[in-house]
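S.K.: What follows is a predicted protein model with its sequence.
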Amino acid sequence: MQRRKNIRLEHHLYKSEGMFFITICTDKRRCLLGNIYNEKMHLSPIGLGVQEEIAQFSVFHPDAIIKASVVMPNHVHFLMEYNGKTIHIGKIISGFKAAISRQFGKGIWQRNYYEHIVRDNNEYWEIVKYIENNPLQWYFDKNYVPDVQQSIL
């Protein structure tokens, strides 16, 4: 059995408080969450479920506040402030993914997730801007498929 590579920082306590930039990708980077037309994200039913779960995030995890987020066709980004009082961030993300899987079935998410520890205020604002502009960057993504109707016009 092949062992997965650990992508976590070796000496960081993930139960500690901090600001985290989280990215969760769909399995095989399939565009299950919607698509972007005319530079706007149009959510699929799964994407709407993801957006609703993000909106309800602090209800289920009162020690985690989503500061900014975006649902993209094949991934989700959010900036999360975490006070570290109850559970490990990995369990929070696992619960988020499980909630969507319960609603829409298994096979939606990639096995892991990516996180970046936000180190200062400048980095925080750079990430907020990145999240806000992410739909505009979709056209440069390797998984982008042009809208058929737009390409005909």
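M.R.: Received, thanks.
S.K.: residue boundaries of the strands in the protein?
M.R.: In the chain, the segments counted as strands under DSSP state E are 18-25, 34-37, 40-43, 64-71, 75-82, 114-117.
S.K.: could you give the mean pLDDT of the fourth one?
M.R.: In other words, strand 64-71. Mean per-residue pLDDT for strand 64-71: 95.
S.K.: Contacts for it next, please.
M.R.: With Cβ atoms under 8 Å, 6 or more residues apart in numbering as the test, strand 64-71 has contacts from 19, 33-34, 41, 43, 47, 50-51, 54, 57-58, 76-83, 89, 92, 127-128, 131-132, 134-135. C-beta here means a position set from N, CA and C on the backbone, and glycine is covered the same way.
S.K.: Which strands border that strand, and is each parallel or antiparallel?
M.R.: strand 75-82 (antiparallel) (DSSP bridges).
S.K.: Let me see the contact set for the residue nearest to the spatial centre of the chain.
M.R.: Nearest to the geometric centre of the chain sits residue 76, at 2.6 Å (Cα atoms, centre = their mean). Residue 76 makes contact with 22-24, 33, 50, 54, 69-70, according to Cβ under 8 Å, 6+ apart.
S.K.: Output those residues as CSV; include the columns neighbour count and distance to residue 105.
M.R.: Shown next, in CSV, are the contacts of residue 76 (neighbours: other Cβ atoms under 10 Å; distance: Cβ to Cβ, whole Å):
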residue, neighbour count, distance to residue 105
22, 21, 22
23, 14, 22
24, 21, 16
33, 25, 14
50, 28, 14
54, 17, 19
69, 18, 23
70, 18, 23
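S.K.: quick one on the thing from earlier: TSV for the strands of the chain, including distance to residue 139?
M.R.: Putting the strands of the chain into TSV (distance: least, Cβ to Cβ, whole Å) gives the following:
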stretch	distance to residue 139
strand 18-25	18
strand 34-37	8
strand 40-43	12
strand 64-71	15
strand 75-82	15
strand 114-117	22
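S.K.: Could you look over those and pick the most buried one?
M.R.: Each of those was scored by mean neighbour count; the highest is strand 75-82, a mean of 21, by mean count of other Cβ atoms under 10 Å.
S.K.: any idea of the angle it forms with strand 18-25?
M.R.: Here strand 75-82 runs at an angle of 160 degrees relative to strand 18-25 (axes from the mean of the first three to the mean of the last three Cα atoms, to 10 degrees).
S.K.: low pLDDT regions in this structure?
M.R.: For the chain, the stretches flagged by pLDDT under 70 are 1-16, 145-153.
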